[in-house]
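In: The following comprises the amino acid sequence and a computationally predicted model.
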Amino acid sequence: MLDNSARKELEQRKDDFISMASHELRNPLTALKLQTTLLHRQLGKQGLQASALSSMETQINKVTRLVEELLDVSKIKAGGLEYVRESVDLDALLGEIVSTMQQTHLSHRIQVHGAVQTNLMADRDRLGQVFTNLISNAIKYSPGAETVEIDLSTSENAVTIRVKDYGLGIPREQRDKIFDRFYRVTDPKQKATHGLGMGLYIVAEIVKHYGGTITVESEPGKGSTFQVMLPCKRT
């Protein structure tokens, strides 16, 4: 049985390995993505070769996102993520994300209700991570042709974004753990989902950085609603 010091050393070695492996994978993935994109442009969008390249690009993008998330987890453990400060139009940002995700998830309907109608001083890419992860999770845990609803509202002091799905739901005993690093919701009665359990951990870290809160309401078999509240620091 390991004592505390040995356990901490083992944990640190694991974190160091994840960080180094992620950095080593990043460059060849970038090169592979570039070459695949160039080939796709030369071949056009028709034919079996173009279809195969599209599938390759999709898989490369998945692995790239995985590597980026591993790097972010390492940065959080090492002291925190990097942030830039810029004026962010939340409605425009969400519109772009929803449009992109709708094109790649045709079996789902993503509906947006309301509007924020304000800009925040924040990091656009980091906020994009928050919304992309929440919508992606809603789709992932909603098998079949389900609807994902996004409700936007603004009060005097905060903006609120609610992402609701009608999917599998989260068992009560697991709700307190879903924002932990590498934690994945499990249900022996349901088909296993892909992922390493990093997305919500990163989301919670970003929301916390901006002094916001993230909560979840869920009922097994009926779906989940994630709510993000961010203080209004208007431009």
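Out: Ah, there it is. Numbering: from 1, shown residues only.
In: buried residues in stretch 77-95?
Out: Leu81, Val88, Asp89, Leu90, Asp91, Leu93, Leu94 (16 or more other Cβ atoms under 10 Å). Every residue, glycine included, has its C-beta placed from N, CA and C.
In: Apart from its chain neighbours, what residue comes closest to the first one?
Out: The shortest distance from Leu81 to any residue that is not its chain neighbour, by Cβ to Cβ, 6 or more residues apart in numbering, is 5.2 Å, and that residue is Lys75.
In: Doesn't Met229 lie inside a strand?
Out: Yes - counting by DSSP: H, G, I helix; E, B strand; the rest coil, Met229 is located in a strand.
In: Thought Met121 was touching Glu86, still the case?
Out: Yes - assessed by Cβ atoms under 8 Å, Glu86 is found in contact with Met121 at 7.2 Å.
In: From Leu168, how far out is Val185?
Out: Remark: distance between Val185 and Leu168 (Cβ to Cβ, to the nearest Å) = 8 Å.
In: Now do the shared contacts for the two.
Out: Tyr141 (Cβ atoms under 8 Å, 6 or more residues apart in numbering).
In: Restricting the selection to alpha carbons, write the helix or strand hosting Leu93 to CSV.
Out: Assigned by DSSP states H and E, Leu93 belongs to helix 90-104. Output of helix 90-104 as CSV, limited to C-alpha atoms (Å, rounded to 0.1, in the frame of the first residue of the first chain):
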residue,chain,number,x,y,z
LEU,A,90,-22.2,36.0,-26.6
ASP,A,91,-25.1,35.8,-28.9
ALA,A,92,-22.8,35.8,-32.0
LEU,A,93,-20.5,33.2,-30.4
LEU,A,94,-23.3,30.8,-29.5
GLY,A,95,-24.8,31.3,-33.0
GLU,A,96,-21.5,30.2,-34.6
ILE,A,97,-21.2,27.2,-32.3
VAL,A,98,-24.8,26.0,-32.8
SER,A,99,-24.5,26.4,-36.6
THR,A,100,-21.3,24.4,-36.7
MET,A,101,-22.6,21.6,-34.4
GLN,A,102,-26.0,21.4,-36.2
GLN,A,103,-24.2,20.7,-39.5
THR,A,104,-22.3,17.8,-37.9
